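J.: here are the coordinates; sequence isn't available:
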Ligand code: ADP
């Protein structure tokens, strides 16, 4: 098991957003988290690398047993080192070029020499089809291109697992396909991924494991076939009926 997560709870004030969420992930898995808006998917993902602090929860990862509500600095640093996060809104530095955006984390976060970092960054940018835009600034790129740079930044650090938070939901419909294609390629290469998405075809085709969340709980989980072809729970059926 690469990563095992148990008993995650989180509230914002009176709102109980996560009520006891768990997840196991093996190397090479593509776990897709589905569910209606507001069901806690993004919050769960953010709790995993401490962008959000859980109220309770345990994570077994990289030989550590981490209390998600009270992680040590070293645990936070290790988790951040071994994971990468792809944001809905890309989160690129506007005043830095494509190459600089991907290189930066390798130099400052991983202490790599600039030349070595640039070589890795270029390889990552090649993978996402952005090698011909190294000197462009984010504003000179389409949303789909910016998100591909965001993905290059994630793969450049060679993480154990990449967390995708609705990576295509800010994109114009005609730009979604190019980003999903990059994600499919990564999955086919054996990249371990946790993906929050509303892209049902992607989920159906690519997921090794599907988690359906509603109201802060996992209502149902299983293989792509189990969830999409033979859902057992009424809430899952209703959701799929609505979105498919
Ligand atoms: P999903 O990703 O499934 O759409 P979220 O995890 O984004 O759900 O949100 C779950 C619930 O938590 C929503 O009701 C949302 O409004 C609320 N929420 C998320 N982040 C915050 C925050 N920082 N402060 C207060 N409420 C929040």
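T.: Here it is on my side, so go on. This is a predicted model, so every value here is computed, not measured. Residues are numbered from 1 along each chain as shown.

J.: Going by C-alpha atoms from here, please, whenever you check contacts or count neighbours.
T.: OK.

J.: Double-check residue 96 against residue 139; I have them as touching.
T.: No. Contact criterion CA atoms under 8 Å: residue 96 and residue 139 do not qualify, at 10.2 Å.

J.: for this structure, which spans come out with low pLDDT?
T.: The model of the chain has no residue with pLDDT under 70.

J.: Which residue ranges of it form strands?
T.: Using DSSP state E, the strands of the chain run over residues 3-12, 15-25, 30-34, 56-61, 64-67, 83-86, 161-165, 193-196, 209-214, 217-222.

J.: how about the first one, does it reach the ligand?
T.: To tie it back to what came earlier, the one meant is strand 3-12. Yes. Strand 3-12 reaches the ligand (CA under 6 Å from any ligand atom) through residue 12.

J.: Direction included, what does that strand pair against?
T.: Sheet pairing of strand 3-12 (DSSP bridges) gives strand 15-25 (antiparallel), strand 56-61 (antiparallel).

J.: Pull the residues that contact it.
T.: 16-26, 44, 53-62, 68 (CA atoms under 8 Å, 6 or more residues apart in numbering).

J.: Which positions in that strand come out as buried?
T.: 3, 5-11 (16 or more other CA atoms under 10 Å).

J.: Residue 194: which of those residues is nearest?
T.: Nearest to residue 194 among the buried residues of strand 3-12, counting by CA to CA, is residue 3 at 11.1 Å.

J.: What's the separation between the closest residue to residue 191 other than its chain neighbours and the ligand?
T.: Sequence neighbours aside, residue 28 is the residue nearest to residue 191 in space, at 5.4 Å (criterion: CA to CA, 6 or more residues apart in numbering). In this view, residue 28 and the ligand are 23 Å apart by CA to the nearest ligand atom, to the nearest Å.

J.: Of the strands of the chain, flag the one that's most buried.
T.: strand 30-34 (a mean of 26; mean count of other CA atoms under 10 Å).

J.: can you list contacts of that strand?
T.: Contacts for strand 30-34 (CA under 8 Å, 6+ apart): 25, 41, 187, 191-198, 203, 206-213.

J.: restrict the residues you listed to contacts with the ligand.
T.: When contact is defined as CA under 6 Å from any ligand atom, the contacts of strand 30-34 meet the ligand at residue 41.

J.: Reformat the strands paired with strand 3-12 as CSV; add distance to residue 113.
T.: Putting the strands paired with strand 3-12 into CSV (distance: least, CA to CA, whole Å) gives the following:
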stretch, distance to residue 113
strand 15-25, 32
strand 56-61, 28
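
J.: what's the closest of these to residue 132?
T.: strand 15-25 (34.8 Å).

J.: Contacts for the closest one next, please.
T.: Applying CA under 8 Å, 6+ apart, the set of residues contacting strand 15-25 is 1-11, 31, 39-40, 43-44, 215-218.

J.: cool, stretch 135-149 as well?
T.: For stretch 135-149, using CA under 8 Å, 6+ apart, the contacting residues are 89-90, 92-99, 101-102, 125, 128-130, 167-168, 170-172, 175-176, 178-179, 182.

J.: cool, and stretch 237-244?
T.: 35-36, 200, 228, 231.

J.: The ligand versus residue 218, what's the distance?
T.: Residue 218 is 11 Å from the ligand, by CA to the nearest ligand atom.

J.: My guess is that residue contacts residue 212. True?
T.: Yes. Between residue 218 and residue 212 there is a contact at 5.8 Å, judged by CA under 8 Å.

J.: Can you pull the residues of this structure lying near the ligand?
T.: Counting by CA under 6 Å from any ligand atom, the chain sits next to the ligand at 12, 17, 36-43.

J.: Can you turn the buried part of these into a PyMOL selection?
T.: The command below creates a PyMOL selection of those among those that count as buried (16+ other CA under 10 Å):
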select buried, resi 17+39+40+41+42+43
